[in-house]
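J.: After the sequence you'll find the predicted model.
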Amino acid sequence: MLSKRDIRAIMLYKFKRGTNTVKTTHEINETFKKDLVSLSTVKRWFRKFKEGSENLENEERERHGSVLDNEKLRKAIEANPRTTVRELAEELNVSKSTISNHLKKIEKTKKLDKWVLHELNDYQKLCRYEVCSSLILRNKNDPFVSRLITCDKKWILYDNRKRTLQWLDKDEALKHFPKPKLISTKVMDMKLCRIPHIHMTFLKRLPLFQTSRHLLNGKNLQKLCGHKNAFEAFVEFRTRISMQME
């Protein structure tokens with residue numbers, strides 16, 4: 001039974017004879033009537049021989065014995081928490097399995113960023129505070145909230161944004177990452193509807209009253225002007241019915 005080292009010796013012989021990788025793979029498997037070696041393996045070893053190395057030992061075994069300083073690994077991760085195992089292996093010149101084993105030892109695990117609301121500057125925060133305060137005061141004098149028609153919209157972006165993974169301590173909380181700003185290329189999906197419990201007394205007096213739900217149900221409004229026209233039509237209709245009842 002041939003060992004891996006024996007097969008590599010045959011590959012080295014074929015390389016020195018000038019045989020190409022495809023023919024070498026075929027001849028080895030054909031001679032021993034088994035799929036002893038794959039084309040990708042032959043290419044990898046031929047590339048190593050071409051670089052001047054004739055060491056037939058498994059390079060992975062050589063690297064497994066490498067000593068990795070956990071503190072050095074920790075500093076590399078803290079410098080770039082979004083780095084990958086492959087990048088760390090290349091940077092520290094060890095195998096990926098060595099990196100994975102030492103990550104467990106220092107209790108590092110990958111976690112997704114936690115998206116939070118868009119970041120607001122001081123001016124935006126002040127504006128929101130002033131508007132909310134004025135609406136609360138207004139509602140005390142004129143309860144307008146019960147007359148509201150709700151509006152909801154959703155921006156559909158043309159790029160798929162993904163959260164990234166970070167290396168964190170096992171018990172470390174997720175890092176917060178502000179949601180990205182909307183890009184210029186997007187589609188808005190908007191819905192208008194009436195809150196079910198609003199003006200139930202008025203609706204009982206008008207059993208045939210065409211509510212906003214009936215008025216807007218099933219309408220496919222592609223542009224913002226379409227939403228505006230539909231909303232204005234409903235307000236005009238509702239005002240006209242209200243005046244007729246007075």
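T.: Arrived safely. Residues are numbered from 1 along each chain as shown.

J.: Can you tell me the SS state at residue 109?
T.: For residue 109, the secondary-structure state derived from DSSP: H, G, I helix; E, B strand; the rest coil is strand.

J.: Just the local confidence number for it, please.
T.: Looking at residue 109, its pLDDT reads 83.

J.: What count of nearby residues applies to it?
T.: 14 (other Cβ atoms under 10 Å). For glycine as for every other residue, the C-beta is placed from the backbone atoms N, C-alpha and C.

J.: Could you verify my assumption that it touches residue 100?
T.: No - Residue 109 is beyond contact range of residue 100, at 11.2 Å (criterion: Cβ atoms under 8 Å).

J.: Shouldn't residue 120 be within a helix?
T.: No - checked against three-state DSSP, residue 120 lies outside a helix; its state is coil.

J.: Give me the distance between it and residue 126.
T.: 9 Å (Cβ to Cβ, to the nearest Å).

J.: what's the burial count for residue 139?
T.: 12.

J.: before we move on, what SS does residue 6 have?
T.: Once three-state DSSP is applied, residue 6 turns out helix.

J.: Give me the distance between it and residue 17.
T.: Applying Cβ to Cβ, the value for residue 6 to residue 17 is 17 Å.

J.: Compare neighbour counts for these two and give me the winner.
T.: For residue 6 versus residue 17, the count of surrounding residues by other Cβ under 10 Å is larger for residue 6: 12 against 8.

J.: per-residue pLDDT, that one?
T.: 88.

J.: cool, residue 46 as well?
T.: Per the predicted model, pLDDT is 91 at residue 46.

J.: Phi, psi for it please.
T.: When read as degrees, to the nearest 10, the backbone of residue 46 gives phi -60, psi -40.

J.: and residue 82, that's in a helix?
T.: No - according to three-state DSSP, residue 82 belongs to no helix; its state is coil.

J.: Distance of it relative to residue 112?
T.: Distance of residue 82 to residue 112, computed by Cβ to Cβ: 11 Å.

J.: Check residue 44 too.
T.: 35 Å.

J.: for residue 48, same thing?
T.: To residue 112, residue 48 is 39 Å away according to Cβ to Cβ.

J.: my guess is residue 88 meets residue 73, correct?
T.: Yes - with contact defined as Cβ under 8 Å, residue 88 and residue 73 form a contacting pair (7.1 Å).

J.: any shared contact partners between these two?
T.: Residues touching both residue 88 and residue 73 (Cβ atoms under 8 Å, 6 or more residues apart in numbering) are residue 99.

J.: in the chain, which spans are strands?
T.: In the chain, the strands defined using DSSP state E lie at 108-112, 114-116, 149-157, 165-169, 176-178, 186-194.

J.: among those, where is the model least confident on average?
T.: The stretch with the lowest mean pLDDT among the strands of the chain is strand 186-194, at a mean of 52.

J.: Show me the chain divided up by domain.
T.: 4-51, 70-106, 147-162+183-244 (the TED database).

J.: Just the endpoints, please. Distance across the first one?
T.: Think domain 4-51. 20 Å (Cα to Cα, to the nearest Å).

J.: Please apply the same query to the shortest one.
T.: Terminal residues of domain 70-106 are spaced 7 Å apart (Cα to Cα).

J.: Give the buried residues for it.
T.: 73-74, 76-77, 81, 85, 88-89, 92, 94-95, 98-99, 102-103 (16 or more other Cβ atoms under 10 Å).
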